[in-house]
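[1] kindly return the folded structure for what I paste below:
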Amino acid sequence: MRRIANTIDRMSTLFASNTEAYRADLDTLAERMQFAIDGGRNRQRSIDRHHGRGKVLVRDRIDMVTDEGSPFLELSTLAGFGQEDNEFPGAGIVTGIGVVHGVPWMFIANDATVKGGSLFPAGIKKHVRAQDIALENGLGCLYLVDSGGAFLPMQDEVFPDRDHFGGTFYRQARMSAAGLPQLSVVLGGCTAGGAYVPALSDEVIMVEGIGRIFLGGPPIVKAALGEVVAPDDLGGAALHTRQSGVSDYMVQTEAEAYGLLRELCENTNKRTIDERQGWLDWVEPEAPAYPAEDILGIINEDTRIPYDARQVIARLVDDSRFAEFKPEWGNSIVVGFTRIWGHQVGVIANNGIIFSEDALKATHFIELCNQRSVPLLFLQNTTGYMVGRDSEVGGIAKNGAKMVAAVSNAQVPKFTVLIGGSYGAGNYGMCGRGFDPRFLFAWPNSRIATMAADTAETVLTDIRLGGMKGAETTDEQIAEIRSTIRAQYEEQSDPYYATSRLWDDGLISPLDTRDALGMCLALAARQDAPVTGDRIVYRM
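    Below you'll find the predicted structure:
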């Protein structure tokens, strides 16, 4: 493969101003990430109370389980950001992929310093998403349970529906049946529905003095039966380990629990993350030939100014080498084969709006990758498919549908990063959330909506005014309509609005993207080759 030539002038004024603007974006991202970790106002009191009970903070717990010096890919750190007056930082739960004895595991850990670990809607969604990722990537789950259960004031949003709290139990049972280990450490309350997390686990560890499991806590028992009972007598570690059998092991301290958990993990007979044999081709990785920091200057602050996606690809892939497919045809989509951390991958990247020939080129390439069992990486930056009479005559609807169908039916692992705009059906054709990529990450400059704010302002204002025919409208009224529409679209297309609602698996820095993708590809490498039916390549 040939190395992509560098065409970036690092000494230009545009590069410098872009870099300065993007560094400000990264500062905002870091500040909001820290808020999600620290918890903002009044959190210190909860932390002090937590420590006073002899408990360890949630991310420290994960550190005590994972292999020393190994990576941890935290997911959806900003879930719930900006919702419920920011009372649930991180949605009250930490999820992510960590390595134990060389084997990757999905961690699902309650943060008891956030409303006692209670789960509100974004927390349930985050829990469910972590389990779905675990199932698709063949990962066992480690539950570090310290939760008051569902947040009762919002019970209608966390209890009855398909992907609400009950859905987590369904997934847990299905994963166990699929041979994916489900291991729990009980570090606090497991009340009501929360009791089923350990009860459905293959093996359970309880920490004496702090771990408790009961379908109805002392207040409920008193109200229902008039019975007054102490928490440990109702559902403590000794009771459940020595009498009920709900727990399999009892330990005295958290440190002892994590040592035992590592021992249990060691005996589950699962593939390590370093096993390179199997279906997914691998060679020794090489660092990109150009620094990732260049991306900050490549992405234009003014989104109307285009940039060449090849220059972004060159900062993400091994030795910046890229075998481009159809380089002379379909110029607004760049596709080709490359490697990331030694793993072969087919890249599809936008260079702007998608025309008919671009859709056909992408369709052809997706089918090639599916035939050859090469994973797909989509780098989204598009306003969508081209509109207008000429485009309709040229079959944009038909050819765009072919691309959408190819993405839908590709059986190889798919990964998506929003590196810019993700608008309209372009989001679909480039494997947006609705098309089930294994992981979807976004950069802090990204935007996602049916259309850009300025387009929406024009289109929706015209529609609104068309519906007001016959009524007098002043310039002030029209300006207010425009302002309201623009404000709505700017708010709802903001990357923090999206990540808060788990439309992605996390906002990440361009500087961390290569490493995140490398870990995701390594997870796919552990599994057997995807089973596919028809692998014919239709020359579209």
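
[2] in the stretch 251-400 of the chain, which spans are strands?
    Per DSSP state E, counting those that start in this stretch, the stretch 251-400 of the chain carries strands over the ranges 323-325, 333-340, 343-350, 376-382.

[3] nearest to residue 91, of those strands?
    Residue 91 sits nearest to strand 376-382 of all the strands of the stretch 251-400 of the chain, at 24.6 Å, using CB to CB. (Each C-beta comes from the backbone N, C-alpha and C, glycine too.)

[4] now that closest one, how far from the centre of its chain.
    Centroid displacement of strand 376-382 relative to its chain, using CA atoms, centre = their mean, to the nearest Å, is 15 Å.

[5] in terms of secondary structure, what does that strand contact?
    helix 309-313, strand 343-350, strand 414-423, helix 424-429 (3 or more CB pairs under 8 Å, 6 or more residues apart in numbering; DSSP states H and E).

[6] partner strands of that strand and their direction?
    Taking DSSP bridges as the criterion, strand 376-382 pairs within the sheet with strand 343-350 (parallel), strand 414-423 (parallel).

[7] now do the longest one, average pLDDT.
    Read it as strand 414-423. Per-residue pLDDT values over strand 414-423 give a mean of 97.

[8] could you pull out the strands for the stretch 401-540 of the chain?
    414-423, 439-442, 447-449.

[9] just say which of those strands is most tucked in.
    For the strands of the stretch 401-540 of the chain, average neighbour numbers computed from mean count of other CB atoms under 10 Å are highest in strand 414-423, which has a mean of 26.

[10] out of the strands of the stretch 251-400 of the chain, which is closest to residue 153?
    Between those, strand 376-382 lies closest to residue 153; by CB to CB that is 37.1 Å.

[11] may I have that closest one as CSV, with CA atoms only?
    Taking C-alpha atoms only, strand 376-382 is exported to CSV below (Å, rounded to 0.1, in the frame of the first residue of the first chain):
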residue,chain,number,x,y,z
LEU,A,376,-15.7,-1.6,7.8
LEU,A,377,-14.9,1.8,9.3
PHE,A,378,-17.2,4.7,8.4
LEU,A,379,-15.8,8.3,8.9
GLN,A,380,-18.9,10.5,8.7
ASN,A,381,-18.8,14.1,7.5
THR,A,382,-21.6,14.7,5.1
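
[12] state the mean pLDDT of it.
    Rounded mean pLDDT across strand 376-382 is 97.

[13] only the buried residues of that strand, if you could.
    Residues 376-382 are the ones in strand 376-382 that count as buried (16 or more other CB atoms under 10 Å).

[14] and the angle for it with strand 333-340?
    Angle between the axes of strand 376-382 and strand 333-340 is 140 degrees (criterion: axes from the mean of the first three to the mean of the last three CA atoms, to 10 degrees).

[15] contacting residues around strand 376-382?
    For strand 376-382, the external contacting residues (CB atoms under 8 Å, 6 or more residues apart in numbering) are 309, 312-313, 332, 340, 345-354, 366, 369, 410, 412-423, 426-427, 430-432, 437, 446, 517.

[16] quick one on the thing from earlier: dump the strands of the stretch 251-400 of the chain to a markdown table, plus distance to residue 483.
    Formatted as a markdown table, these follow (distance: least, CB to CB, whole Å):
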| stretch | distance to residue 483 |
| --- | --- |
| strand 323-325 | 44 |
| strand 333-340 | 35 |
| strand 343-350 | 30 |
| strand 376-382 | 27 |
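
[17] which among these is found nearest to residue 39?
    Across these, closest to residue 39 is strand 376-382 (CB to CB), at 31.8 Å.

[18] using CSV, lay out the helices and strands packed on strand 376-382 together with distance to residue 159.
    Listed next are the helices and strands packed on strand 376-382 as CSV, based on distance: least, CB to CB, whole Å:
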stretch, distance to residue 159
helix 309-313, 43
strand 343-350, 40
strand 414-423, 31
helix 424-429, 31
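
[19] relative to residue 500, which of these is closest?
    Closest to residue 500 of the helices and strands packed on strand 376-382 is strand 414-423 (CB to CB; 14.8 Å).

[20] CA atoms only for the closest one, dumped as PDB, please.
    Output of strand 414-423 as PDB, limited to C-alpha atoms (Å, rounded to 0.1, in the frame of the first residue of the first chain):
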ATOM      1  CA  LYS A 414     -18.800  -2.200  11.400                       C
ATOM      2  CA  PHE A 415     -17.500   0.800  13.200                       C
ATOM      3  CA  THR A 416     -18.500   4.400  12.800                       C
ATOM      4  CA  VAL A 417     -16.900   7.700  13.900                       C
ATOM      5  CA  LEU A 418     -18.600  11.100  13.400                       C
ATOM      6  CA  ILE A 419     -15.800  13.300  12.400                       C
ATOM      7  CA  GLY A 420     -18.000  16.200  11.200                       C
ATOM      8  CA  GLY A 421     -21.600  16.500  10.000                       C
ATOM      9  CA  SER A 422     -24.000  13.600  10.000                       C
ATOM     10  CA  TYR A 423     -27.100  14.800   8.300                       C
END
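
[21] quick one: terminal-to-terminal distance for stretch 38-49?
    End-to-end span of stretch 38-49 (CA to CA, to the nearest Å): 15 Å.

[22] so the closest residue to residue 242 other than its chain neighbours, which of the three states?
    With CB to CB, 6 or more residues apart in numbering as the measure, residue 250 is the residue that lies nearest to residue 242, at 7.6 Å, once sequence neighbours are left out. Secondary structure, DSSP: H, G, I helix; E, B strand; the rest coil: residue 250 is strand.

[23] residue 235: neighbour count?
    Neighbours of residue 235 under the rule other CB atoms under 10 Å: 28.

[24] OK, contacts around it?
    Shown in contact with residue 235 (CB under 8 Å, 6+ apart): 190, 195, 212-214, 217.

[25] what's the distance between it and residue 198?
    Distance, residue 235 to residue 198, by CB to CB, to the nearest Å: 11 Å.

[26] contacts for the lowest-mean-pLDDT helix or strand in the chain next, please.
    Lowest on mean pLDDT, DSSP states H and E among the helices and strands of the chain sits helix 155-158, with a mean of 73. Around helix 155-158, the neighbours that count as contacts under CB under 8 Å, 6+ apart are 119-121, 124, 150-151, 164-165.

[27] export those as JSON lines, with columns for pLDDT, secondary structure and distance to residue 358.
    Formatted as JSON lines, the contacts of helix 155-158 follow (pLDDT from 0 to 100; DSSP: H, G, I helix; E, B strand; the rest coil; distance: CB to CB, whole Å):
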{"residue": "119", "pLDDT": "80", "secondary structure": "strand", "distance to residue 358": "43"}
{"residue": "120", "pLDDT": "86", "secondary structure": "coil", "distance to residue 358": "42"}
{"residue": "121", "pLDDT": "90", "secondary structure": "helix", "distance to residue 358": "38"}
{"residue": "124", "pLDDT": "93", "secondary structure": "helix", "distance to residue 358": "39"}
{"residue": "150", "pLDDT": "71", "secondary structure": "strand", "distance to residue 358": "46"}
{"residue": "151", "pLDDT": "73", "secondary structure": "coil", "distance to residue 358": "46"}
{"residue": "164", "pLDDT": "81", "secondary structure": "coil", "distance to residue 358": "40"}
{"residue": "165", "pLDDT": "76", "secondary structure": "helix", "distance to residue 358": "43"}
